[in-house]
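A.B. asks: Sequence first, then the predicted structure, then my questions.
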Amino acid sequence: MHDTALIQALCDEVEQMAYERGAKSVLRVALEVPDSAHFSAEHMQETFELFRVASPLLRDTRLEFRHSNAVLDREMILRDVELELPDQDQD
């Protein structure tokens, strides 16, 4: 259940970021996850899929994991978000 809450919070944060920037969609989300994390990348990906399909902004999002042997004070760190922004050239 804790894993679901982490992914839900991540999705909420990324959606808010995309909304604030006027993005059409989120293309990629990169996370850093410590090796000591109590969940697997596969499990997080499966959980992310549940939220991804329900969100118009996240439907095409690719989730990437980078494992780290660093000791982190969090379960994961959001390292990068790639957004699809509207064309700026349109009149």
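C.D. replies: Cool, got the structure. Numbering: from 1, shown residues only.

A.B. asks: which residues of this protein score low on pLDDT?
C.D. replies: Applying pLDDT under 70 to the chain picks out residues 1, 71-73, 88-91.

A.B. asks: what residue is smack in the middle of it?
C.D. replies: Nearest residue to the geometric centre of the chain (Cα atoms, centre = their mean): Val29, 4.3 Å.

A.B. asks: element containing that one, please.
C.D. replies: Here Val29 sits within strand 25-34, counting by DSSP states H and E.

A.B. asks: Which strands or helices does that strand pack on?
C.D. replies: Using 3 or more Cβ pairs under 8 Å, 6 or more residues apart in numbering; DSSP states H and E as the contact criterion, the elements in contact with strand 25-34 are helix 2-20, helix 41-52, strand 62-68, strand 77-84. (C-beta placed from N, C-alpha, C; glycine too.)

A.B. asks: And the ones you listed: which comes nearest Val33?
C.D. replies: When the helices and strands packed on strand 25-34 are ranked by distance to Val33, counting by Cβ to Cβ, first place goes to strand 62-68 at 5.4 Å.

A.B. asks: about what we covered before: I'd like to know which of the helices and strands packed on strand 25-34 is closest to Asp35.
C.D. replies: strand 62-68 (5.6 Å).

A.B. asks: which other helices and strands contact the closest one?
C.D. replies: Helices and strands touching strand 62-68, as assessed by 3+ Cβ pairs under 8 Å, 6+ apart, comprise strand 25-34, helix 41-52.
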